[in-house]
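S.K.: need a structure here:
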Amino acid sequence: MITLRKSAERGHAEHGWLDSCHTFSFANYYNPEQMGFHSLRVINEDRVAPGMGFGMHPHRDMEIVTYVVSGALRHEDSLGNTAVMQAGDVQRISAGAGIKHSEFNDSHSAPVHFLQIWILPDRAGVPPKYSEKSFTRAEAGRLHLITSKEGRDDSLPIHQDADLFLAKLDAKTTLSHSIRTGRSAWVQLIEGGFTLNGQALEPGDGAAVSEEKMLNFQADTGAHFLLFDLA
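M.R.: Below you'll find the predicted structure:
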């Protein structure tokens, strides 16, 4: 079964310097029917104006994954990490016992566009950790594993049985992904468009997948998306 979560149905916050769309309940957007999907708790698509951002703020007991679509995002945290993430970069924060961080657009002329994802951890109170990796040169036409529980295949490790894949498809191409028994999936389309098992998705659309054995993607004009394979 595939249930679409259309882009226009998401929560929306417009603060002048920030344009944010919430797939699931977040901040002032509350929808009791959209509290997450399995261990996936938050998918926020944010566009931040030049020089603006989020000041230092705390998190704990959450796996936070940030994927930069375009622009540059500056990160600082209470562990002493500082980084400027570019388009195609992925960052993982295991907040665990507690961490503070800030996120600012590093440019004074161009916006930054990124997705921030929160995944519920499988245990609480772990030591906080930070890591990042660039997928700027990710080859089109296949799934690239960017996070996993054990950090297999050189992906970023998280404290949850949740495999997160990044993919880009050229026009008139297809891609398939099998889902093991007992697992579900979430698909989040960032750019372009495709059909997923015959259902059409547009930019910003999500799809909850349950009791399916195979996902078949067919892109007519090209696509850029994330795929969550969830226990």
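S.K.: Span of stretch 159-175 from start to end?
M.R.: Terminal residues of stretch 159-175 lie 28 Å apart, using Cα to Cα, to the nearest Å.
S.K.: Dig out what A13 forms beta bridges with.
M.R.: Going by DSSP bridges, A13 is paired in beta bridges with S20.
S.K.: What is the burial count for it?
M.R.: Neighbours of A13 under the rule other Cβ atoms under 10 Å: 15. To be clear about C-beta, it is placed using only N, CA and C from the backbone, and glycine gets the same treatment.
S.K.: show me where the protein has helices.
M.R.: For the chain, helices defined by DSSP state H do not occur.
S.K.: Just give me the residue closest to the centre of it.
M.R.: Nearest to the geometric centre of the chain sits I117, at 4.5 Å (Cα atoms, centre = their mean).
S.K.: Would you mind measuring from it to E212?
M.R.: Distance of I117 to E212, given as Cβ to Cβ, to the nearest Å: 21 Å.
S.K.: just M62 next, same as before
M.R.: Distance of M62 to E212, given as Cβ to Cβ: 28 Å.
S.K.: picking up where we left off before, now for the residue nearest to the residue nearest to the centre of the chain when sequence neighbours are not counted: which residues touch it?
M.R.: Take I117 and drop its neighbours on the chain: the residue closest to it by Cβ to Cβ, 6 or more residues apart in numbering is V65, 4.3 Å away. Counting by Cβ atoms under 8 Å, 6 or more residues apart in numbering, V65 touches 90-93, 116-119, 146-147, 156, 158, 164.
S.K.: Just the buried positions in stretch 37-51, please.
M.R.: The neighbour-count check on stretch 37-51 (16 or more other Cβ atoms under 10 Å) flags 37-50 as buried.
S.K.: can you check stretch 1-9 too?
M.R.: The neighbour-count check on stretch 1-9 (16+ other Cβ under 10 Å) flags 2, 4-5, 7 as buried.
S.K.: First-to-last residue distance for that stretch?
M.R.: End residues of stretch 1-9 are separated by 20 Å (Cα to Cα).
S.K.: Distance from it to the middle of the chain?
M.R.: Chain-centre distance of stretch 1-9: 16 Å, with Cα atoms, centre = their mean, to the nearest Å.
S.K.: S178 contacts K213, correct?
M.R.: Yes - if you go by Cβ atoms under 8 Å, S178 and K213 touch, sitting 6.5 Å apart.
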